[in-house]
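Chemist: Could you work out the structure for the sequence below:
(2 chains)
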Amino acid sequence: MARIAGIDVGGTFTDLLLLDTEAGDLRLAKVLTTTDNQAFGVLGAIAEADVLPASIDTIVHGTTTTTNALLERKIARAGLITTRGFRDVLELGRRTRPTSYGLTGRFRPLIERWLRLEVDERIDADGDVLTPLDEKDVATAIERLIARGAEALVVHFLHAYINPAHERRAGEIARELWPNAYVTLGSDVLSEYREYERGVTAAVNAVIQPVLDRYIRRLTDELAAQGYQRDLLVMQGNGGTVSARIVAETACNTVMSGPASGVIASAYTAVAAGYPNVITYDMGGTSTDVGLIRNGIPEVSSELELEYAMPIHVPMVDVHTIGAGGGSIAKVNDAGLLQVGPESAGAKPGPICYGRGGTRPTITDANLALGRLNPRGLLKVDNPVSLEDLRARIAEVVGAPLGLDADGAAAAILRIGNDKMAGAVRMVSLSRGLDPRDFALFAFGGAGPLHAAALARELAIPTVLVPARPGLTNALGCLVADLRHDYVNTVNAPLAAVDMTKVRALFERQIADGKALIAREGVAIEDIQLLHAVEMQFQGQTHLLKVPIPSIDLDRPSLQAFFDKAYFQRFAVALPEIRAVLVNLHTAVIGRRKRIDLAQLDDPALRRATLDEARTEFRRVWFEQGGWQETPIYRRDRLPSGAVFVGPAIVEQLDSTAVIEPGNRVRLDQLGNLLITVEASQEAA
Amino acid sequence: MSIDPVTLGVIQNGLQQVCNEMDLTFTRAAFSPVISEAQDRSDGIYEWEDGSLIAQGELGLPVFVGTMQYSTRAVIERAKDLRPGDVFIVNDPYLGGTHLMDVRFVKPFFYRDEPFAWLANTGHWPDIGGMVPGGFSANATEVEQEGLRLPPVKLWKAGHFDEEILSIILSNIRIADQRIGDIKAQGAALAIGEQRLTALIDRYGQATVRGAIRELRARAAQQMRAKIATIPEGTYRGEAFVDSDGVVDRPLKIAMTVTRQGDRLAFDMSGSSPPCQGPMNSVIATTRSSIYLALKHVFPDVPINAGMFEPIDIADPEGTFLYARYPRPVSGCAAEVSQRIAEAVFSALTKAIPDRLFAAPAGTSGNLAIGGTDPKRGRSYVLYVISGGGYGGHPAGDGLTNGCSTIGISKTTPIEVIEQHYPVLFEEYALREGSGGAGERRGGFGVNYKLRIRRGEARASMVMDHGRIGPQGALGGADGAVNQVEITRRGEAYRPLHKSKDQGIVVTTGDMIAVSTPGGGGFGDPLRRDPQAVAADVAAGYYGAREARKLFGVVFRPRKIAVDDKATQALRAKLERERSKPKTRAAKARPTPPAGARFVEPPRRLRDIVGAPIALEDAVRRAEAAVAAMAGSFPIAVREILGDMTSATAAVEIGDEARLRLADLKRLAHDLKGLAPTFGHVVIGKLGAALNDLLLRWLESPEEGDPRPLLPVIRAHIDAIGAALDRNIVDVKSVDAVALQLGLDAVLVEFRKLTTGQMRE
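Modeler: Residues are numbered from 1 along each chain as shown, chains lettered A, B, ... in the order given. The predicted structure is shown next:
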């Protein structure tokens, strides 16, 4: 495995990192994403890196194909076969509305009602058959769905998580009659109770399966045509990869793989840098993703809701999205208060500085107006807007109603924007019972490093870590991610009544399934790592607590002890008088790929001997502490190894800009990370 | 001092965050699912002097908009010797509370030993004692039956927990052993609030934070006034009905008058029904909060603080069921009456700003409780099934299907979870076809569910609503379908006594409970709905092809779901003609009123003729034309009414839903009172008015009297009205008119003799 390529397709750019692990040679490429067929962008990136596909040993690919297909509803027509009386489960949802206040909203089921058919069958909560499966009903329903043009099929029966016999039998019948392989059984995708969530997850899988399959086929064909015959791995939302050969079987696992690979890269980098506990802060153009890494392991959750009433309950890296990004629009509301976001200028018209007709000030515009972003960047766009015009526009739209000049208005936009993001980061950590002060802030994405120091100050986070390639973090995630498969089974019985041999058998089955799958993938791995967890609750509760367990050698008292400890840690309450319930068993089977050395991301040839040589200029930059200051601007790749300096400073690189506030102390570590020590503002608690 | 706008924004976020963190702490540490899952709780910061709202958590249950102001005020009025670390507990509905299950903790907040503000939260306890577990009795008649009532008392005194008060509480509620977890969580939330607020003031300084609070209040008021200014000046009326109070099967009316004058909005509920015997009375805190909540649903971006309420005047609805006094039972006010109050506000505002409104949502919490014993597991259980329903159509789209109650945000419990815990089996959980009210934008659909008792005996109770009148349509849209419950016991169908409310129905193995929840109201004229949208609805099975024809005037090609455009146009034209028959040329055209024009919703009978809504400028002229055209049909209408009255009287006599029939009679008499003078028949009008008044007094009398003595009086009035019509007696002073009146007086004297003491004069 000498040459490995990580290729991540993002909303705007397709990024490539190509690492020759033996020669230590690194190549980067950034091309525009080709929205209609992402494969062109992928091949374009390989060409841009000036490398022959045939000479690459492994390609790891992160794609937004499935996420986009769902959000834009460019999905396949699927049909549903379900238990008689329950075809509307997928449409009725969980009795919700999109927002607490306001009684309107839109919802479209993934599978339309006329494509949802019922058959006679019923299994109860104990797994006992109450009504046998009517196989003739199933065959008739399949024929009708084929006639109605369904391309994919979902079989979803009540309580199939405890007894999948009917689903499996219906699946057998379907595989004989269905014209293709797109048959999804609810209990295969997710063996967990809650009929709406399991049903929607299965429906998600079905409607994107043909889309993903076609895309992957096209990509492998194109790559093959250029001589690439080796492993193609695809990123999943759980932060692991899977072979392209089987990725379409569980297409739903690829949803939200982009944010996941960012978090995986963060975990890898942060651990190597000696910071196993970090909050990841990925600020892009329209939104900001926040994730949590504890002891080097990203938090994983099975509670993703991709959009209103679209839960996808397979385990995924837990990323919380905030509606604030560089393009967030600033406006003064009718109470005379400044608001930043959630409205975004997007890519078109974009911020004023893009010169594409945008007239409403955004966070990016405020950064430019205050000298934090290089004003020369303004000239690179098609129809450049002058800095004076930009500042005048900010003064007019935001300054005038607030009685502020351009400086004050731009500063206000940053302050309110940062305040909002800091609040969201605080809530993300608090809702998990964690204190942000116990973490480092890992900043990436185009805009993360611009705001990280201010956020850390606001949150009293002592250290900010900016990785070597903040704008290519997702592609790095592809390089470092392991193969990973997650399994969940529902037990749902009081701990005292649980048959522990059965629990062990279920865990062993999960392990065996995972290992078998990895063997099928045929990808070279170093070893297999297993992560186990249980989800538990106290009798009478409805929320679950996920409790990691070190191994499956368990007895009831040890399980009780793990749960009690985790519960106390999270809620500071001990409830010895109430019975604990074991709900779900969770195993992640991880096929660990060869580690790569992050120092190889750095190019020592560019490093200069002194800080002065790394400095390109002095520029006037505005800071909250002390206003306008003559500030040194450094080029990131020229900073001498082990450089140490004190803010104010701006560190520029191709894909990102880091703001170092006055008083911040900075050190460049051996892996090329910037470690920024932030003086917590005295007032922050 | 003046505060720069940026600091102001930051402090606003800061105060909000303090409250959100209190919400989060409370939920995360709470034990009961009703708090941890259903989010039935709220946290906020209140002014030291008068308890006005400073900020409220965004994660709280919507029904609590502004409510804790009143309980905090009650604490302020009674509190003595306040010290840091004190925490009051209070749930008295008449002291600013809601229902007894909502228990408030109120804590004085001191900054560096100086009083600064109050922190308060409320949590719905799963039990507070009383005659039924859970507290929702469908037929309690006094508050003592509903549970333990706590005046403000200190549960923590200067930081020391009062075990004695706790022991009194725990001795009076069910499942007491689990309550301590919730009590600690509720206290912990306030402690977090105290820490975070202290940190905020440390950071920005006391004077700045105080100034910001003042300024933010002024800004919110300014924002609310700006919203009010978008409502055309005028008075708008709306109404809504609660099915019954659970004790007397008679609808309760909410009459809502909304007046926009200058930059203020006034709400008047006089004319609403008097206090009721059952638990559907609303305390003033809930009544006011329901109006605030309705406004927040219409203008979601106004921040919730006392400033939002400043430009709003709510007249105390004295003498109505919306201003309950001790000892009226109130358990239903938060879950049901509150939603009906909000609907009355929506229905009034639809006439003012139709482009911003929506037709009525299902608006009931659909509470079904089944309590019994599972012989297989050898333990008793109480299962709550809470259901949703359709939301109303709105200018931008159709209503949502199966939305949560207007006042809540909780998710439904999965069937797979219910079946794991309780001996019941669902046989159906389906979209309720046809339930969404027809309209240009149709209502969302309700739910049909059927559940069967698998083992053991149980008792079913329900507190639901909209069983009598469906959620109102708006601007010509049809009402959503009504809530229905049917219980099949040993093969025999049983319907709850009060349609949507009943208690203690015994069910056993094999029995089935079927519930159909309401659909949302339609918005706008169904004949204007895009035929392709109707086709999609039919393809989905939301409506049948025949229904589509009848409701929306859409015709499909034979055996296909393809719109027959020509036939549709023709049918719609025909339906429109029929709808407005008889009518004059003036009334024929129904142009869309220009944007921004004011609308009036004519009374029902007139609406059938002239259509609705009509632009105000046009209304009078069109109404006059319609009246002129109708002159010939007046005698026919009166005969129809008299016929209806006669059959209703017969029904009263045989005791078939006598009260309801009397209410019908009253309505018919009221129609005559209004209709007849329009056509010059003043005598008939007066006779109708007299009968209306008499029946009104009888119906509002607190005692359930025997209605039969009324019968001769009613019949005498029917006869007199018939005579006046036949002989064209129109002059009140004519000999004929006086003779009619004398005849009636004789009957009335007899009647009074029989009923002395039975009626309130």
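Chemist: Torsion angles phi and psi at the closest residue to chain A within the stretch 201-350 of chain B?
Modeler: Of all residues in the stretch 201-350 of chain B, B:R203 sits closest to chain A, at 3.4 Å by CB to the nearest CB. Glycine gets a C-beta too; all of them are placed from N, C-alpha and C. Per-residue torsions, B:R203: phi -80, psi -40 (degrees, to the nearest 10).
Chemist: give the contact list for the residue of the stretch 201-350 of chain A found nearest chain B.
Modeler: Residue nearest to chain B within the stretch 201-350 of chain A: A:A335 (3.9 Å; CB to the nearest CB). When contacts are counted by CB atoms under 8 Å, 6 or more residues apart in numbering or on different chains, A:A335 is found next to B:219-220, B:222-223, B:303.
Chemist: try B:P62
Modeler: Taking CB under 8 Å, 6+ apart, we find B:P62 in contact with A:100-101, B:293, B:296-297, B:406-409.
Chemist: In helices, which of those residues appear?
Modeler: Counting by DSSP state H, the part of the contacts of B:P62 found in helices is B:293, B:296-297.
Chemist: how about a markdown table for those, with distance to chain A added?
Modeler: As requested, the ones in helices among the contacts of B:P62 are exported to a markdown table (distance: CB to the nearest CB, whole Å):
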| residue | distance to chain A |
| --- | --- |
| B:L293 | 8 |
| B:K296 | 5 |
| B:H297 | 5 |
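Chemist: Most neighbours among those, which one?
Modeler: In terms of neighbours by other CB atoms under 10 Å in any protein chain shown, these top out with B:L293 at 27 neighbours.
Chemist: pretty sure that residue is touching B:G60, no?
Modeler: No. The pair B:L293 / B:G60 is not scored as a contact, 11.3 Å apart, by CB atoms under 8 Å.
Chemist: measure B:F88 to B:I45 for me?
Modeler: From B:F88 over to B:I45 the distance is 15 Å, taken as CB to CB, to the nearest Å.
Chemist: do the same with B:R28
Modeler: 20 Å.
Chemist: Please report phi then psi for B:N20.
Modeler: Main-chain dihedrals, B:N20, degrees, to the nearest 10: phi -60, psi -40.
Chemist: so what's it closest to, chain neighbours aside?
Modeler: Excluding its sequence neighbours, the residue lying closest to B:N20 (CB to CB, 6 or more residues apart in numbering or on different chains) is B:G57, at 5.2 Å.
Chemist: so who does that neighbour touch?
Modeler: Contact analysis of B:G57 by CB under 8 Å, 6+ apart lists B:16, B:19-20, B:22-23, B:42-44.
Chemist: can you rerun that using 6 Å?
Modeler: B:G57 is in contact with B:19-20, B:22-23, B:43, counting by CB atoms under 6 Å, 6 or more residues apart in numbering or on different chains.
Chemist: Let me know the closest of those to B:I213.
Modeler: Nearest to B:I213 among those is B:C19, at 13.0 Å by CB to CB.
Chemist: which ones are touching that closest one?
Modeler: By CB under 6 Å, 6+ apart, the contact set of B:C19 is B:43-44, B:55-57.
Chemist: Relative to B:I76, how far out is the nearest residue to it once chain neighbours are set aside?
Modeler: Distances taken as CB to CB, 6+ apart place B:G57 nearest to B:C19, at 3.8 Å, with adjacent residues excluded. Computed as CB to CB, the B:G57 to B:I76 distance reads 21 Å.
Chemist: Same question for A:C252.
Modeler: A:C252 is 55 Å from B:I76, by CB to CB.
Chemist: now A:A409
Modeler: Plainly put, A:A409 is 41 Å away from B:I76 if you go by CB to CB.
Chemist: Give me the more crowded residue out of the two.
Modeler: More crowded of A:A409 and B:I76, by other CB under 10 Å: A:A409, with 29 against 19.
Chemist: so where does the more buried one fall, helix or strand?
Modeler: Element membership for A:A409 (DSSP states H and E) is helix A:406-430.
Chemist: Just after that helix, pick out the following helix or strand.
Modeler: Beyond helix A:406-430 in the direction of the C-terminus, DSSP H and E gives the next helix or strand as strand A:440-444.
Chemist: tell me the angle that next one makes with helix A:406-430.
Modeler: With axes from the mean of the first three to the mean of the last three CA atoms, to 10 degrees applied, the angle from strand A:440-444 to helix A:406-430 works out at 120 degrees.
Chemist: Which of the contacts of A:A335 ranks first by neighbour count?
Modeler: Busiest of those [other CB under 10 Å] is B:A220, holding 24 neighbours.
Chemist: I am assuming it contacts B:P303, so please confirm or correct that.
Modeler: Yes. Shown here, B:A220 and B:P303 form a contact pair, counting by CB atoms under 6 Å, at 5.2 Å.
Chemist: surely A:V678 meets A:E458?
Modeler: No. In this structure, A:V678 is not within contact of A:E458 by CB under 6 Å, at 9.7 Å.
Chemist: number of nearby residues for the nearest residue to B:D565 once chain neighbours are set aside?
Modeler: Closest residue in space to B:D565, ignoring its immediate chain neighbours: B:P531 at 7.2 Å, by CB to CB, 6+ apart. For B:P531, the tally of surrounding residues (other CB under 10 Å) stands at 19.
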